[in-house]
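# no sequence on this one, just coordinates:
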């Protein structure tokens, strides 16, 4: 059983990525996605990372809001500016 408290930092750790605040900010800035590319289908994920994101999101468990947050962050350039 996974007892990790869901957070963006913990998600990055599970994806095998650097999880410091600076590293997460850099990743998000450098990996913006077009509106028509789904998070789990992004070309920069490995097959395992993509599968992890899809499974956690589709299971709609406590990780879903964190994955939604990452999805919004990676599509920020597509969002209308207010």
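Good, I have the coordinates. Being a predicted model, the structure only gives us computed values, none of them experimental.
# rest of the way, CA atoms for contacts and neighbours
Noted.
# which SSE is the residue nearest the centre of the chain in?
Computing the C-alpha centroid of the chain and ranking residues by C-alpha atoms, centre = their mean puts residue 70 first, at 3.9 Å. Following DSSP states H and E, one finds residue 70 within helix 64-74.
# Pull out the buried positions in that helix.
Neighbour counts using 16 or more other C-alpha atoms under 10 Å place 64, 66-67, 70-74 of helix 64-74 among the buried residues.
# which one of the residues you listed is nearest residue 6?
Residue 6 lies nearest to residue 66 out of the buried residues of helix 64-74, by C-alpha to C-alpha, at 6.9 Å.
# so that closest one touches residue 10, yeah?
No. Residue 66 is not in contact with residue 10 according to C-alpha atoms under 8 Å; the separation is 9.6 Å.
# Could you check how far the residue nearest to residue 8 when sequence neighbours are not counted is from residue 27?
Spatial nearest neighbour of residue 8, excluding adjacent residues (C-alpha to C-alpha, 6 or more residues apart in numbering): residue 66 at 6.0 Å. Here residue 66 is placed at a distance of 15 Å from residue 27 (C-alpha to C-alpha, to the nearest Å).
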